[in-house]
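Chemist: the following block contains a protein sequence and its predicted model.
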Amino acid sequence: MELNWTHEAISDLARLYAFLAPANKPAAALAVQALSQAPTILLTNPYVGEQLFQFEPREIQRILVRQYEIRYSCLSGTTRVTMYEHNLAIGPSSRDFSVEFDDIE
């Protein structure tokens, strides 16, 4: 299994850092690092996330990492992270898989 990121996902992380850094650069760096490391769980369990049926026929799934939603797809042995989004407006789901920053090494 391989893991990669779309340009949009990388841009999402850069925007997040740019937003957080003026207030606290070390915290911004830790947040971006945690969010970029969180998808590594998908290497061993790519279908752990909730499937987002509104994107059918594409198989898009999501995992939640604290306040952020990470969307991804799995195709031909590759898991591709497609976007990061703050989930304040999304709301909770009983089937969400959530990773705490403390769980990421």
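Modeler: Good, I have the coordinates.
Chemist: now for Glu69: which residues touch it?
Modeler: Applying Cβ atoms under 8 Å, 6 or more residues apart in numbering, we find Glu69 in contact with 62-63, 83-87, 90. In short, each C-beta sits where N, CA and C put it, glycine included.
Chemist: got phi/psi on it?
Modeler: phi -100, psi 130 (degrees, to the nearest 10).
Chemist: same question, Val81
Modeler: Phi and psi for Val81, reported as degrees, to the nearest 10, are phi -80, psi 120.
Chemist: ends of stretch 37-50, what's the gap?
Modeler: For stretch 37-50, the first-to-last residue distance is 19 Å (Cα to Cα, to the nearest Å).
Chemist: so the residue lying closest to Thr40 once chain neighbours are set aside bridges to which residues?
Modeler: Distance criterion Cβ to Cβ, 6 or more residues apart in numbering; nearest residue to Thr40, sequence neighbours excluded, is Leu3 at 6.7 Å. For Leu3, the beta-bridge partners are Thr79 (DSSP bridges).
Chemist: contact partners for the residue sitting nearest the centre point of the chain?
Modeler: Residue closest to the mean C-alpha point of the chain, counted by Cα atoms, centre = their mean, is Ile70 at 2.4 Å. When contacts are counted by Cβ under 8 Å, 6+ apart, Ile70 is found next to 35, 38-39, 49, 62-64, 81, 83-84.
Chemist: select, from those, the two members most distant in space.
Modeler: The most widely separated members of those, counting by Cβ to Cβ, are Leu35 and Gly49 (14.5 Å).
Chemist: can you pull out the low-pLDDT segments for this protein?
Modeler: 88-105 (pLDDT under 70).
Chemist: ranges for the strands of it?
Modeler: Here the chain has its strands, by DSSP state E, at 2-5, 50-51, 60-65, 68-75, 78-86, 98-99.
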